[in-house]
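# Here is the input, now give the coordinates:
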Amino acid sequence: MQAVLTVDLGAVAGNWRLLRDRAAPGAVAGVVKADGYGLGAAPVAGALLAAGCRHFFVAHLAEGVALRAAIGPGPLIAVLNGFAPGADEDAALLPVLNGLPDIAAWSAAARAAGRQLPALLHVDTGMARLGLAPAEVEALAADPSRLAGLDLRYVMTHLACADEPEHPLNRDQAARFAAARARLPAMPASFANSSGMFLGPDFASDLARPGCALYGINPTPGRPNSMRQAVRLAAPILQLREIPRGTTVGYGASWAAPRPTRIATVAAGYADGYLRSLSGRAAGILAGRPVPLVGRVSMDLITFDVTDVPGVAPGDLVELIGPGNTPDEVAERAGTIGYEILTSLGARYRREIRTA
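All right, here's what the predicted structure looks like:
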């Protein structure tokens with residue numbers, strides 16, 4: 001028996017439409033890096049394309065090549081980590097240029113090709129990660145010829161604290177981005193991520209780049225989630241066992257039954273992306289009722305106390321992620337974020353795709 005991961009592409013497309021309407025008149029991209037946040041980049045991008053999305057973002061070159069093969073020519077596919085000129089194997093991908101060396105390499109490639117080469121320009125406004133540092137922006141402002149041969153489609157930056165609306169860095173980044181744009185040649189801008197789209201008009205731009213919200217993660221932590229849930233993970237009970245009070249369960253004997261207990265052993269574990277940090281903290285949903293996870297999460301198996309649920313039988317499915325157990329809720333119990341829960345989903349699940 002095998003766990004089943006259900007991906008609701010209708011929910012993903014619906015979330016994109018909600019965000020598109022919120023961003024109007026600006027466009028809205030689909031961020032499908034990390035294999036569509038673990039849900040499958042090709043089917044997710046296909047659903048977004050059918051809904052009207054024409055801009056996609058991935059992290060690595062290989063992701064972009066695979067995505068181009070899946071969705072065909074036409075839509076913009078930008079590679080956030082960039083890549084060397086000529087490395088896209090004719091997949092018509094656009095690099096994000098993250099520093100002056102990237103710009104120099106692509107400008108030289110444009111001169112050699114005798115034509116303009118498309119790209120995006122990334123300005124760092126507060127992440128201190130990728131992107132042009134302030135001194136590099138000043139160098140470009142002083143010598144715009146460095147950008148010769150480049151067809152810059154967008155200038156972008158990335159918000160560090162958008163999920164904390166009151167954090168002062170949000171306003172600082174908006175001001176820094178505006179100042180950088182004023183120093184650079186005019187071009188469309190790409191600013192807000194999922195949470196940034198809820199920060200107000202100062203964070204609007206020509207192209208928003210939502211990722212997590214497409215997949216049902218709450219872009220407004222602490223407030224109601226307006227996104228539809230796109231994932232359900234349910235795993236079968238392999239075996240039921242009656243144990244007396246005091247019996248320990250699982251590795252390390254970390255949990256002992258406080259009463260005569262019925263234990264359900266379920267086919268999932270940390271090799272499937274069900275995080276070990278959920279040990280003793282998580283709950284599943286069985287027959288509409290929460291059942292606590294007891295003992296440690298092991299590589300292939302987890303155990304639940306199902307004593308209070310009548311009529312349980314081997315083969316019954318325990319919901320590990322779903323409407324009553326969202327990625328955000330699972331993440332809170334694991335001490336992490338919903339992004340990690342989704343992107344950790346393993347390859348051993350039987351996947352079912354829903355399109356409506």
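# mind listing the helices for the stretch 51-200 of the chain?
Using DSSP state H, counting those that start in this stretch, the helices of the stretch 51-200 of the chain run over 61-71, 100-113, 134-142, 168-183.
# ignore the last one, the stretch 251-356 of the chain
For the stretch 251-356 of the chain, the helices defined by DSSP H, counting those that start in this stretch cover 327-334, 338-343.
# okay, the helices of the stretch 51-200 of the chain, which one's buried deepest?
Most buried of the helices of the stretch 51-200 of the chain by mean neighbour count (mean count of other Cβ atoms under 10 Å) is helix 61-71; its value is a mean of 19. The C-beta positions use only the backbone N, C-alpha and C, and glycine is treated the same way.
# gap between it and the chain center?
In terms of Cα atoms, centre = their mean, to the nearest Å, the centre of helix 61-71 is found 17 Å from the chain centre.
# Mind putting the helices of the stretch 51-200 of the chain into a markdown table with mean pLDDT?
Below are the helices of the stretch 51-200 of the chain laid out as a markdown table (pLDDT from 0 to 100):
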| stretch | mean pLDDT |
| --- | --- |
| helix 61-71 | 97 |
| helix 100-113 | 97 |
| helix 134-142 | 96 |
| helix 168-183 | 97 |
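# Need these in TSV (columns: distance to Gly200).
TSV is the format used below for the helices of the stretch 51-200 of the chain (distance: least, Cβ to Cβ, whole Å):
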stretch	distance to Gly200
helix 61-71	32
helix 100-113	32
helix 134-142	25
helix 168-183	9
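# out of those, which comes closest to Leu39?
Nearest to Leu39, of all the helices of the stretch 51-200 of the chain, is helix 61-71, at 13.6 Å by Cβ to Cβ.
# Would you mind listing the outside residues contacting the closest one?
Contact with helix 61-71 is made by 32-33, 35, 41-42, 45-46, 49, 56, 58, 77-79, 81, 83, 87-89, 91-93, as judged by Cβ atoms under 8 Å, 6 or more residues apart in numbering.
# Just the buried ones out of those residues, please.
Buried by 16 or more other Cβ atoms under 10 Å: 32-33, 35, 41, 45-46, 49, 56, 58, 77-79, 83, 88, 91, 93, out of the contacts of helix 61-71.
# Distance-wise, check the closest residue to Thr247 other than its chain neighbours relative to Ala51.
Spatial nearest neighbour of Thr247, excluding adjacent residues (Cβ to Cβ, 6 or more residues apart in numbering): Ala257 at 5.0 Å. Distance, Ala257 to Ala51, by Cβ to Cβ, to the nearest Å: 50 Å.
# closest one to Leu19 among the helices of the stretch 51-200 of the chain?
From the helices of the stretch 51-200 of the chain, taking Cβ to Cβ, the stretch that ends up closest is helix 168-183, at 18.4 Å.
# The closest residue to Phe198 other than its chain neighbours - how many residues pack around it?
Leaving aside its sequence neighbours, Phe198 sits nearest to Thr220 (Cβ to Cβ, 6+ apart; 5.3 Å). By the criterion of other Cβ atoms under 10 Å, Thr220 has 18 neighbours.
# Following the chain onward from the lengthiest strand in the chain, which element is next?
Determined from DSSP state E, the single longest strand within the chain is strand 231-243. Moving toward the C-terminus from strand 231-243, the next helix or strand (DSSP states H and E) is strand 248-249.
# what's in contact with that next one?
By Cβ under 8 Å, 6+ apart, the residues outside strand 248-249 that reach it are Ile243, Ser254, Trp255, Ala256, Ala257, Ile263, Val294, Gly295, Thr303.
# Equivalent analysis for stretch 335-345, please.
Residues beyond stretch 335-345 that count as contacts (Cβ under 8 Å, 6+ apart) turn out to be 5, 34-35, 37-39, 212, 215, 217-218, 231, 233, 272-273, 275, 277, 321, 326-328, 330-331, 334.
# Please point out which parts of stretch 194-214 sit buried.
194-199, 203-214.
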